[in-house]
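Undergrad: Fold the following for me, if possible:
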Amino acid sequence: MMHSSKRKAITILAAAAVFSCLVADVATAWTVVPRGDVVLDTSAVSGVVEMSGVTYLGLQDGEHEFAAVQDSNNQLVRFTANFTANGTIQSAVASSVLSLSPGADFEGIAYTNPARNSVFISEETTPAVREYSLASGLQLQLVLPPTVYSSIANNRGLESLTRSIGGRTMWTANEEALTIDGSLATGSAGTTVRLQQFDVDGNMLTATSQYAYEVDPIPSSIFTNRSGLVDMLALPDGTMLALERSLSAGFESRIYKIGFAGATDTSDPEFDSGLSGKAYTSVSKTELWTGGVGGGIGKNLEGLALGPRLAEGGWLLLGVVDGGVPNGDNTVATFQAIPPTCDLDGDYNCSGEVDAMDYAAWSDTFGSSELAFADGNNDGSVNLADYTVWRDNLGSTSSQSAALSQPSRVPEPRGWIVLFVGIGLSVSLATRGDPHRQGIVSFPLSSKKEP
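TA: Residues are numbered from 1 along each chain as shown. I've put the predicted structure just below:
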């Protein structure tokens, strides 16, 4: 007969594997604080214009490196960014550009991992999500969204793209309403877009759940141009953010937390002919920040990426400006994303509790030094010592000390846990260098998941 503590531990590990594939509709009240902006130094490269999406590549030779895609020139620019302990940006310097083939009207971008060394990019031309090699710039695969996205409005296609820390889910969305779903935004009414989830198995994407999202109206009813969803971002605890952008007399940017509870899954065939006239419930949203980048009338903030954890708490968010408009330039802006609490050892996603989701964060980045989100002992890499940190604090919450949570601890790694570690080391050797996919155990998952 299996001891109850072992059954509990195995249940926790199994839950972690499943939960890490879900979008957490968490109650965590994140705070987003703007931390300034600088103009990207492009003196070492040429042709950097109209940056539309950005992604974090991790630590490279001791510097934080990012990659931005452009919606013209068919190229990607790599750059380093320096910032203070609270995320205040000090400099951003472009180091190289990479031509992408075949080209398209590129918008969002999401990095995979060091082993795969690639990025997924959403584009408005097809529309589609394409994967490109960071070594050659050549396309590795083409992922078509559900056929409903063939009804995109002109220049309002797949603007967004984000990938979870573990790389097990990705999201994209259209900027403004599909032609079958309703009207574009005006000064008196917003527009309805569809958020599309993909489950990731290895490097293959499968479209799953889909939800309606209501974009704000254009702020001014006199000078109207557009208002749309330009990017999405997955935070470490599973919280999903939306970046909206409006243009009227100036540029206004808005960051919202998305809430999925009670929302209708619009991937149901009932909605293939459109949302107009149908009964459905959109996702909810909570405002975290509204403002303009660069002062004055603002600038066209189009892309937002999750960066590293900051020394003064929370995580860096880094955004890029599309400079191909009046008052535009290659501006890079930063924000500090602060969860309510992040002072617990083993709380790798800063949810305020050491739980199965933290195991998933550790498992999905095991072996990584570039993306060390779960480096519990601060030795520079995610390894078995960080599992011990998680295990020893399992069950702790922001209002408890680690000592009060002793009954929830997982047993020492003997017997059954050695088996899991052995499996994990075998997987590690088979997928070395892949911080997103390495881990201790894997479990069969259902083909469709709800947030």
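Undergrad: my read is Thr334 is in a helix, agree?
TA: No: going by DSSP: H, G, I helix; E, B strand; the rest coil, the assignment for Thr334 is strand, not a helix.
Undergrad: Who is it paired with across the strands?
TA: Beta-bridge partners for Thr334, by DSSP bridges, are Leu318.
Undergrad: OK, contacts around it?
TA: Going by C-beta atoms under 8 Å, 6 or more residues apart in numbering, Thr334 touches 34-37, 81, 83, 87-89, 307, 316-319. Just so you know, the C-beta spots here come from the backbone N, C-alpha and C atoms, and that holds for glycine as well.
Undergrad: If you rank those by neighbours, which is first?
TA: Compared across those, Gly319 has the highest neighbour count, 28 neighbours, by other C-beta atoms under 10 Å.
Undergrad: rewinding a little: I'd like the contacts of Thr334 as TSV, with distance to Thr206, pLDDT and secondary structure appended.
TA: Shown next, in TSV, are the contacts of Thr334 (distance: C-beta to C-beta, whole Å; pLDDT from 0 to 100; DSSP: H, G, I helix; E, B strand; the rest coil):
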residue	distance to Thr206	pLDDT	secondary structure
Pro34	36	98	strand
Arg35	37	98	strand
Gly36	40	97	strand
Asp37	37	97	strand
Ala81	33	98	strand
Phe83	36	97	strand
Gly87	35	98	coil
Thr88	40	98	coil
Ile89	37	98	strand
Gly307	28	96	strand
Leu316	31	97	strand
Leu317	28	98	strand
Leu318	29	98	strand
Gly319	29	98	strand
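Undergrad: and those as TSV, adding distance to Leu288?
TA: Converted to TSV, the contacts of Thr334 look like this (distance: C-beta to C-beta, whole Å):
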residue	distance to Leu288
Pro34	11
Arg35	14
Gly36	17
Asp37	18
Ala81	21
Phe83	19
Gly87	15
Thr88	18
Ile89	19
Gly307	16
Leu316	15
Leu317	10
Leu318	16
Gly319	13
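Undergrad: from those, which two are the most distant?
TA: Pro34 and Ala81 (15.2 Å; C-beta to C-beta).
Undergrad: on that earlier part again, which one of the contacts of Thr334 is nearest Ser150?
TA: Closest to Ser150, out of all of the contacts of Thr334 and judged by C-beta to C-beta, is Gly319, at 29.6 Å.
Undergrad: Surely that closest one touches Gly303?
TA: Yes: using C-beta atoms under 8 Å, Gly319 makes contact with Gly303 at a distance of 6.1 Å.
Undergrad: what is in contact with these two at once?
TA: With C-beta under 8 Å, 6+ apart, Gly319 and Gly303 have common neighbours Val54, Leu243.
Undergrad: Could you tell me how many residues sit around Asp358?
TA: 27.
Undergrad: Also the one 5 residues further on?
TA: Summarising burial for Ser363: neighbours were counted as other C-beta under 10 Å, giving 25.
Undergrad: With Ser284 instead?
TA: Count around Ser284 with other C-beta under 10 Å applied: 16.
Undergrad: Please apply the same query to Ala173.
TA: 29.
Undergrad: Adjacent strands (with direction) for whichever strand or helix holds it?
TA: According to DSSP states H and E, Ala173 maps onto strand 169-173. Paired strands of strand 169-173, with direction, are strand 162-163 (antiparallel), strand 191-201 (antiparallel) (DSSP bridges).
Undergrad: separation between the residue nearest to Ser220 when sequence neighbours are not counted and Pro219?
TA: Take Ser220 and drop its neighbours on the chain: the residue closest to it by C-beta to C-beta, 6 or more residues apart in numbering is Ser248, 3.7 Å away. As judged by C-beta to C-beta, to the nearest Å, Ser248 and Pro219 stand 5 Å apart.
Undergrad: Please enumerate the shared neighbours of these two.
TA: Counting by C-beta under 8 Å, 6+ apart, the common neighbours of Ser248 and Pro219 are Gly187.
Undergrad: Surely Gln141 touches Gly202?
TA: No: between Gln141 and Gly202 there is no contact under C-beta under 8 Å: 11.2 Å.
Undergrad: So between the two, which is more surrounded?
TA: The residue with more neighbours, out of Gln141 and Gly202, is Gln141; 14 against 9, by other C-beta under 10 Å.
Undergrad: is it true that that one lies in a strand?
TA: Yes: according to three-state DSSP, Gln141 belongs to a strand.
Undergrad: Now do Asn154 against Thr169, distance only.
TA: For Asn154, the distance to Thr169 - C-beta to C-beta - is 29 Å.
Undergrad: Who has more neighbours out of the two?
TA: Thr169 (25 against 9).
Undergrad: Quick check: bridge partners of that one?
TA: Bridge pairing for Thr169 - DSSP bridges - gives Asp199.
Undergrad: Tell me the spacing between it and Met240.
TA: Distance from Thr169 to Met240, by C-beta to C-beta: 10 Å.
Undergrad: OK, contacts around the closest residue to Ala372 other than its chain neighbours?
TA: Once flanking residues are discounted, Ala372 sits nearest to Val382: 5.5 Å by C-beta to C-beta, 6+ apart. Residues near Val382 by C-beta under 8 Å, 6+ apart: Trp362, Thr365, Phe366, Gly367, Ser368, Ser369, Ala372, Phe373, Ala374, Asp375, Pro435.
Undergrad: And the residues you listed, which two are furthest apart?
TA: Of all pairs in those, the most separated under C-beta to C-beta is Trp362 and Ser369 at 14.0 Å.
Undergrad: Please say which of the two ends up with more neighbours.
TA: With neighbours defined as other C-beta under 10 Å, Trp362 and Ser369 compare such that Trp362 has more, 28 against 16.
Undergrad: Wait, a strand at that one?
TA: No: using three-state DSSP, the assignment for Trp362 is helix, not a strand.
Undergrad: Keeping just the C-alphas, turn stretch 99-113 into PDB.
TA: C-alpha atoms of stretch 99-113 as PDB (Å, rounded to 0.1, in the frame of the first residue of the first chain):
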ATOM      1  CA  SER A  99      16.700  38.800 -42.700                       C
ATOM      2  CA  LEU A 100      13.600  36.600 -42.600                       C
ATOM      3  CA  SER A 101      12.400  34.500 -45.500                       C
ATOM      4  CA  PRO A 102       9.700  34.300 -46.600                       C
ATOM      5  CA  GLY A 103       8.700  37.800 -45.600                       C
ATOM      6  CA  ALA A 104       5.300  39.100 -44.500                       C
ATOM      7  CA  ASP A 105       3.700  41.900 -42.500                       C
ATOM      8  CA  PHE A 106       5.200  40.800 -39.200                       C
ATOM      9  CA  GLU A 107       3.600  41.800 -35.900                       C
ATOM     10  CA  GLY A 108       4.000  39.700 -32.700                       C
ATOM     11  CA  ILE A 109       7.000  37.500 -31.700                       C
ATOM     12  CA  ALA A 110       7.700  34.800 -29.100                       C
ATOM     13  CA  TYR A 111      11.100  33.100 -28.500                       C
ATOM     14  CA  THR A 112      11.200  29.300 -28.000                       C
ATOM     15  CA  ASN A 113      14.300  28.200 -26.200                       C
END
